[in-house]
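> Let me see the structure of the following:
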Amino acid sequence: MPSTSTSSDAGRQTFAGQLFDGETAASHAVGLTLLEGGIEITDHAAGKVRLWAFSGLEAVDPPLAGHALRLRHSSETGSRLTVPAGPAAEAVLRAAPHLARRINPYRLMRQLAIVAACLVVLAAIGYAVLSFLPQVAADLMPDAWRQRLGDSVERTLVQSNKVCGNAAGLDALATLDARLTDSIPDAPRFSVDVVELPVVNAFAVPGGRIIVSGELIAEAKGPEEVAGVLAHELGHVYYRHPEAQFVRLMGTQLLLTLATGTSGGNALGGLAGLLAILRYSRAAEAQADAFGRRLMTEGGIDPRGLRDFFTRMQQKSGGASQGGILSGIGNMLSSHPGTAERIAKIKPLPAGKARMVLSAQAFRGLKAICR
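Down below sits the predicted model:
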């Protein structure tokens, strides 16, 4: 049985107790001294003195009146200290009242700190997954994967809508495509399809494919406007933004699965989910804008047409695109935020620098591509 003797040394309470240090099988008789900040444990046989601060003390078992107090300390996970019942246990409980509570505030704070640290690490991993890794993965993605992904996206986007393609319209579109890229040696490979979609919009999808709605062609007042839209979408193709968006989506679903233990939802399902994926961040839009302006400037295509088109679309949407991406998908500015700042960056070419994009006859053929 542990000794229950007590004494007082200059006002300090001292007791006898038993310590199991976790290193040997036997327990040691020790002297316990209550200090202001903790318990001083003196092992006379081993000649060791240790201090267990009250903040690290935990009760091994819930304290009960008339029973010895069994303690452990966060600094020595394998050690156990037995404080005998009676005055010794009562004195320790008075000095460290948290031992009698069902919830140890010090332990709770430690656990919360661990949880907070884990959340910070998880957030950092999530930020890397969603911000940096998608673009790296998109750049490393094999071309065969890009093409298969593009096939799937195009089928979902087109669905049962008609793909336009009369001879005159296709010839005009091919001429326009060549004019955009003939002066840029690093222009990406791409293809363009015009589809009868009930929106004024264009989409770059994986695999270097651009889908333009027939409504956008009908809305254009000149070939420079169509060229400007295609130049912008070519920027997305060049930087592989569509592929990065799909990798980012898969990373989001993985994080949701890890965080919730569920499937994280299926954001790839349906046209609405697809259109949400094909909306890019302001940084991506700025990259595509800059690339498009470069294509047009070096190709001698006046960017004034793109500026006029964006301005007209902004006016039709009632200026609602000011300040950010819209929630709707009904026009060009909903998925390509046409803010005043973006429009202001589009500068016309100096007089005499612009070349003809399409002849009047070719442009009429392009306008009639869906007929």
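
> now the helices for the protein?
Here the chain has its helices, by DSSP state H, at 87-95, 105-131, 133-140, 143-158, 167-181, 214-219, 223-238, 241-260, 270-277, 282-298, 304-316, 332-335, 340-344, 360-367.

> could those go into a markdown table alongside mean neighbour count and mean pLDDT?
The C-beta positions use only the backbone N, C-alpha and C, and glycine is treated the same way. Formatted as a markdown table, the helices of the chain follow (neighbours: other CB atoms under 10 Å; pLDDT from 0 to 100):
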| stretch | mean neighbour count | mean pLDDT |
| --- | --- | --- |
| helix 87-95 | 18 | 90 |
| helix 105-131 | 12 | 73 |
| helix 133-140 | 16 | 80 |
| helix 143-158 | 15 | 85 |
| helix 167-181 | 18 | 90 |
| helix 214-219 | 19 | 92 |
| helix 223-238 | 26 | 92 |
| helix 241-260 | 19 | 69 |
| helix 270-277 | 14 | 57 |
| helix 282-298 | 19 | 87 |
| helix 304-316 | 19 | 82 |
| helix 332-335 | 23 | 48 |
| helix 340-344 | 15 | 78 |
| helix 360-367 | 17 | 93 |
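
> Which one of those lies nearest to residue 197?
Distance to residue 197, taken as CB to CB, is lowest for helix 214-219 among those, at 6.7 Å.

> helices or strands up against the closest one?
strand 191-195, helix 223-238, helix 304-316, helix 360-367 (3 or more CB pairs under 8 Å, 6 or more residues apart in numbering; DSSP states H and E).

> Tabulate these (CSV), appending distance to residue 87.
Below are the helices and strands packed on helix 214-219 laid out as CSV (distance: least, CB to CB, whole Å):
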stretch, distance to residue 87
strand 191-195, 88
helix 223-238, 78
helix 304-316, 83
helix 360-367, 98
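
> Of the ones you listed, which is nearest residue 213?
Residue 213 sits nearest to strand 191-195 of all these, at 6.3 Å, using CB to CB.

> and that closest one with helix 223-238, angle?
120 degrees (axes from the mean of the first three to the mean of the last three CA atoms, to 10 degrees).

> nearest to residue 208, of the helices of the chain?
helix 223-238 (5.2 Å).

> Kindly export that closest one (C-alpha atoms) in CSV.
Extracted C-alpha coordinates of helix 223-238, given in CSV (Å, rounded to 0.1, in the frame of the first residue of the first chain):
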residue,chain,number,x,y,z
PRO,A,223,-15.8,38.7,-89.6
GLU,A,224,-13.5,40.5,-87.1
GLU,A,225,-16.0,39.8,-84.3
VAL,A,226,-16.0,36.1,-85.0
ALA,A,227,-12.2,36.1,-85.3
GLY,A,228,-11.9,37.8,-81.9
VAL,A,229,-14.0,35.2,-80.2
LEU,A,230,-12.1,32.4,-81.8
ALA,A,231,-8.8,34.1,-80.8
HIS,A,232,-9.9,34.2,-77.2
GLU,A,233,-11.0,30.5,-77.2
LEU,A,234,-7.6,29.6,-78.8
GLY,A,235,-6.0,31.1,-75.7
HIS,A,236,-7.9,28.6,-73.6
VAL,A,237,-6.7,25.8,-76.0
TYR,A,238,-3.1,27.1,-75.9
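
> Which other helices and strands does it contact?
helix 167-181, strand 202-205, strand 209-213, helix 214-219, helix 282-298, helix 304-316, helix 360-367.

> Now tabulate the ones you listed in TSV and tack on distance to residue 57.
As requested, these are exported to TSV (distance: least, CB to CB, whole Å):
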stretch	distance to residue 57
helix 167-181	74
strand 202-205	62
strand 209-213	66
helix 214-219	72
helix 282-298	52
helix 304-316	67
helix 360-367	81
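
> Including distance to residue 192, could the helices of the chain go into a markdown table?
Shown next, in a markdown table, are the helices of the chain (distance: least, CB to CB, whole Å):
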| stretch | distance to residue 192 |
| --- | --- |
| helix 87-95 | 80 |
| helix 105-131 | 30 |
| helix 133-140 | 21 |
| helix 143-158 | 12 |
| helix 167-181 | 6 |
| helix 214-219 | 11 |
| helix 223-238 | 7 |
| helix 241-260 | 14 |
| helix 270-277 | 19 |
| helix 282-298 | 14 |
| helix 304-316 | 16 |
| helix 332-335 | 16 |
| helix 340-344 | 22 |
| helix 360-367 | 11 |
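
> and residue 73, which of these is closest to it?
Of all the helices of the chain, helix 105-131 sits nearest to residue 73, with 10.8 Å by CB to CB.

> wait, doesn't residue 208 sit right on residue 150?
Yes: counting by CB atoms under 8 Å, residue 208 does reach residue 150; the two are 7.5 Å apart.

> Which residues are in contact with residue 53?
Residues in contact with residue 53 (CB atoms under 8 Å, 6 or more residues apart in numbering) are 37, 38, 73, 75.

> Okay, and the beta partners of the third one?
Going back to what we said before, that points to residue 73. When assigned by DSSP bridges, residue 73 has beta-bridge partners residue 57, residue 76.

> Residue 22 versus that one, what's the distance?
Per CB to CB, to the nearest Å, residue 73 is found 11 Å from residue 22.

> Comparing these two, which shows the higher neighbour count?
residue 73 (21 against 12; other CB atoms under 10 Å).
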